[in-house]
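Asker: make a model of this:
(chains A and B)
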Amino acid sequence: MKKILFLLLVASFAGQLQAQRYMTKTGTAVFTSKATLETIEGTNKASAFVLDTKNGALNALIKIKSFVFDKQLMQEHFNENYMESNKFPEAKFKGNIKNTSQINFTKDGEYQADIVGQLTIHGVTKNITEKARLIIKNGKITLSGSFSVLLSDYEIKIPGAVKDKIAKSVKIDIDALLSPTN
Amino acid sequence: MKKIILILLALALVAGIVVYKFVFKASEDFAGQKPSASFTMQELLDKTSDTTSLNALKNTLISVRGTIKNFSKEKDALTIELGDTMEMNSIVCQVDQRHLSDLNTIQNNQEVDIKGLLTAYTIDDEMGLGNTIELKSCSLNK
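Answerer: Numbers count the residues shown, from 1 in each chain, chains lettered A, B, ... in the order given. Sure thing, here's the model as predicted:
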């Protein structure tokens, strides 16, 4: 009986040590548009990321209206004219880390993650392949990366009057500290 | 003639100032405003089962009193997550940069009263994140 209890105890600790699901709801996504006349930068620090280290599944959910801008006019243009956030309230990523076999999620270290999946912005879904950085430290995982998005790919139209103020290609930076969860 | 030119120059200057102030106006600061409605953390999270009442609160300044489950602090940014540590459902508040000092000493499990603009919510079914309500431009509800 004692032996069974001991084995159950060991199994329960082992389960905790090898958490396979990591998440955050306070990740960062930064949108940067550098055009001839103006640089527009919006930050969303309420971005959700979930990573399953067992199969490499990586999901992200970002609410467009939660982006914060320094200038009120930028925020209005971003939501109303470009992203149409009432009609398309969120951006989503659903994909996988392809090289999980090269990443030791139980050991502190820094790795490159090869990510493939589907990115949905403005109601348009596209397949993407990107590289990101994973830092594993003290049982937590920091996911960071930077990639460019061509607005025309996602049917985001730039009115002629402001074409010098919005870049055709914008940069998206992500940075998220993921904690183990059950 | 000189008088007309001076008047035109003055008008152009005023118009320039008006346009400048409009274009470069900082995002709205809600810290001095009274919230339209006040909730406990649980009262607000319970509204995820009735999205009609939650939709009515979108883009509205509300206050929420609850326990800090988690927070993410950087040099010039603070995001606070209110919720029960045993549950996935939570309220995520992005603090207004101009009011970080009021929330400088927060700790997990601390009770806070925060106000902010309700921007979005997620009724989670596939990511396993639980339900989430998002607030931005947040500050301490004094």
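Asker: grab the nearest non-local neighbour of the residue in chain A that chain B sits nearest to.
Answerer: At 3.7 Å from chain B, residue A:63 is the closest residue in chain A, using C-beta to the nearest C-beta. Yep, even glycine has a C-beta here, placed from its N, CA and C like the rest. Of all residues not flanking residue A:63 in the chain, residue B:120 sits nearest, at 3.7 Å (C-beta to C-beta, 6 or more residues apart in numbering or on different chains).
Asker: the one you found pairs with what?
Answerer: Per DSSP bridges, the residues bridged to residue B:120 are residue B:134.
Asker: dump the residue contacts of it.
Answerer: If a contact means C-beta atoms under 8 Å, 6 or more residues apart in numbering or on different chains, then residue B:120 has A:63-66, A:89-90, B:58, B:133-134 as its contacts.
Asker: make it 7 Å
Answerer: By C-beta atoms under 7 Å, 6 or more residues apart in numbering or on different chains, the contact set of residue B:120 is A:63, A:65-66, A:89, B:134.
Asker: test my guess that the residue of chain A closest to chain B contacts residue B:134.
Answerer: Yes. Judged on C-beta atoms under 7 Å, residue A:63 makes contact with residue B:134 at a distance of 5.7 Å.
Asker: quick check: neighbours shared by these two?
Answerer: Jointly contacting residue A:63 and residue B:134 under the rule C-beta under 7 Å, 6+ apart are A:46, B:119-120.
Asker: possible to save those residues as JSON lines with pLDDT and distance to residue A:30?
Answerer: Shown next, in JSON lines, are the shared contacts of residue A:63 and residue B:134 (pLDDT from 0 to 100; distance: C-beta to C-beta, whole Å):
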{"residue": "A:46", "pLDDT": "97", "distance to residue A:30": "13"}
{"residue": "B:119", "pLDDT": "96", "distance to residue A:30": "17"}
{"residue": "B:120", "pLDDT": "96", "distance to residue A:30": "18"}
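Asker: from the residues you listed, which single one is nearest residue B:77?
Answerer: Taking C-beta to C-beta as the measure, residue B:77 lies nearest residue A:46 of the shared contacts of residue A:63 and residue B:134, at 11.1 Å.
Asker: which residue sits closest to the closest one, ignoring its sequence neighbours?
Answerer: Nearest residue to residue A:46, sequence neighbours excluded (C-beta to C-beta, 6+ apart): residue B:92, at 4.4 Å.
Asker: ok, that neighbour - how many residues close by?
Answerer: The tally of other residues near residue B:92 (other C-beta atoms under 10 Å in any protein chain shown) stands at 32.
Asker: work out for me the element it sits within.
Answerer: In the assignment (DSSP states H and E), residue B:92 maps to strand B:90-95.
Asker: partners of that strand in the sheet?
Answerer: Partner strands and pairing direction for strand B:90-95 (DSSP bridges) are strand B:77-82 (antiparallel), strand B:132-140 (parallel).
Asker: redo the ones you listed as a markdown table? Include mean neighbour count.
Answerer: Putting these into a markdown table (neighbours: other C-beta atoms under 10 Å in any protein chain shown) gives the following:
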| stretch | mean neighbour count |
| --- | --- |
| strand B:77-82 | 23 |
| strand B:132-140 | 24 |
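Asker: can you lay out those strands as CSV showing mean pLDDT?
Answerer: Shown next, in CSV, are the strands paired with strand B:90-95 (pLDDT from 0 to 100):
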stretch, mean pLDDT
strand B:77-82, 97
strand B:132-140, 97
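Asker: let's have these in TSV, adding distance to residue B:43.
Answerer: Output for the strands paired with strand B:90-95, formatted as TSV (distance: least, C-beta to C-beta, whole Å):
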stretch	distance to residue B:43
strand B:77-82	12
strand B:132-140	11
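Asker: and those: which comes nearest residue A:143?
Answerer: Among the strands paired with strand B:90-95, the nearest to residue A:143 by C-beta to C-beta is strand B:77-82 (16.1 Å).
Asker: in what helix or strand does residue B:63 lie?
Answerer: Following DSSP H and E, one finds residue B:63 within strand B:61-74.
Asker: was I right to think residue B:131 contacts residue B:123?
Answerer: Yes. Taking C-beta under 7 Å as the definition, residue B:131 is a contact partner of residue B:123 at 5.5 Å.
Asker: list residues touching both of those two?
Answerer: Common neighbours of residue B:131 and residue B:123 are listed as residue B:48 (criterion: C-beta under 7 Å, 6+ apart).
Asker: quick check: the gap between the residue nearest to residue B:140 when sequence neighbours are not counted and residue A:100.
Answerer: Excluding its sequence neighbours, the residue lying closest to residue B:140 (C-beta to C-beta, 6+ apart) is residue B:102, at 4.2 Å. Distance of residue B:102 to residue A:100, computed by C-beta to C-beta, to the nearest Å: 43 Å.
Asker: what mean pLDDT does stretch B:22-32 get?
Answerer: Stretch B:22-32 carries an average pLDDT of 86.
Asker: alright, calling it a day.
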